[in-house]
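Student: Got a sequence here, can you build the structure:
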Amino acid sequence: MRAPRMLDRGAWRLGVALALGAFVVMLAGRASAQDDTVPSAGALAADYRLTNADGDRVCLIALSDTPLGRGRATPERYSLGLDRAACASAILFSVDIASWAPGPGHSIRLYGPDGALVAEFTEGVGGTWEALREGDGVYFLVNPRLTDPGLHAGDLVGAWDIAEVAGKPLCRLELTDIDGGGGTLRARLMPGCPARLVARAPDRWRLDSGSLVLLTARGEGLRFAAQEDGGWEKVPPEEGTPLLLSRP
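Tutor: As a prediction, the model looks like this:
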């Protein structure tokens, strides 16, 4: 009786490699499918704050899960509500917003009356969605119900180092608890700051849906997002000079 042939070691390794490769491709396909999943309108319908990157211009917008009309639009769009007169003076492109729809990866798409895409907001962290409009700028949709409820202005009062590069502070900023009017608190730069920072020196600050906003006397604003190390980074970081805030 002839002994059974042993499987060639090279062929065995090739078979294992092919099997693993097929498994990886399958997992990647599933992950891609999950990333492309479009949520229901009800999962995203809520009241939002549409703001510019600095956070000094705000438009309140309510996304509904009620389908828009009886047409068969592709994708299906949903109704929304906003104070058009108030929003037009704050966010210029808001006059073009007529409907919305959920998109892949929990994104939020805003459409015009003709069904043209006005802006697509991709999901970030802390109940915030971000959109970049070419030739216009960065905008945020913030769901106040999803922002960090444990963050209070009192937690940020005190001294903060300002840096353009992590670990290399340029000078110091003090956030106070003194009323600055209009829902803001007073802020001041400490002596020794470079002229480029003094030129845009903030004199007020506030918390805006989990973000820190520094405001100048001219009403200009800088928005900062919380970092895992307890510091804050200007957003979007690639726009202009990077700025970091950290405790001394």
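Student: hey, let's count contacts and neighbours off CA atoms from now on
Tutor: Will do.
Student: Specify the local secondary structure of residue 95.
Tutor: Secondary structure for residue 95, judged by DSSP: H, G, I helix; E, B strand; the rest coil, is helix.
Student: isn't it right next to residue 86, touching?
Tutor: No: with contact defined as CA atoms under 8 Å, residue 95 does not reach residue 86; the gap is 10.2 Å.
Student: hey, what's residue 225 bridged with?
Tutor: Note on residue 225: beta-bridge partners by DSSP bridges are residue 233.
Student: cool, and residue 173?
Tutor: Going by DSSP bridges, residue 173 forms beta bridges with residue 160, residue 189.
Student: where does the closest residue to residue 107 other than its chain neighbours land in three-state SS?
Tutor: Distances taken as CA to CA, 6 or more residues apart in numbering put residue 122 closest to residue 107, at 4.5 Å, once the chain neighbours are dropped. Here residue 122 is recorded as strand under three-state DSSP.
Student: Pull the contacting residues for residue 122.
Tutor: Going by CA atoms under 8 Å, 6 or more residues apart in numbering, residue 122 touches 105, 106, 107, 108, 129, 130, 131.
Student: Counting neighbours, which of the residues you listed comes out on top?
Tutor: Within those, most neighbours by other CA atoms under 10 Å means residue 108, with 25 neighbours.
Student: ok, that residue touching residue 124?
Tutor: No: taking contacts as CA under 8 Å, residue 108 lies outside contact range of residue 124: 11.4 Å.
Student: Check the separation of the first and last residues in stretch 199-215.
Tutor: 13 Å (CA to CA, to the nearest Å).
Student: Report the buried residues of that stretch.
Tutor: Neighbour counts over stretch 199-215 (16 or more other CA atoms under 10 Å) mark 201-215 as buried.
Student: One more: stretch 226-239?
Tutor: Neighbour counts over stretch 226-239 (16+ other CA under 10 Å) mark 226, 232, 233, 234, 235, 236 as buried.
Student: Which residues are in contact with the first one?
Tutor: Under the criterion of CA under 8 Å, 6+ apart, the contact list for residue 226 reads 210, 211, 212, 232, 233.
Student: which one of these sits closest to residue 183?
Tutor: The nearest member of those to residue 183, counting by CA to CA, is residue 212 at 13.0 Å.
Student: and the closest one, bridged to which residues?
Tutor: Judged by DSSP bridges, the bridge partners of residue 212 are residue 207, residue 224.
Student: So it sits against residue 205, correct?
Tutor: Yes: under the criterion of CA under 8 Å, residue 212 makes contact with residue 205 at 7.3 Å.
Student: Touching, residue 124 and residue 130? I think so.
Tutor: Yes: counting by CA under 8 Å, residue 130 is a contact partner of residue 124 at 6.7 Å.
Student: What count of nearby residues applies to residue 154?
Tutor: 10.
Student: show me the contacts for the closest residue in space to it that isn't next to it in sequence.
Tutor: In space, and not counting its chain neighbours, residue 154 is closest to residue 177: 7.2 Å by CA to CA, 6+ apart. Residue 177 sits next to 153, 154, 157, 185, 186 when contact means CA under 8 Å, 6+ apart.
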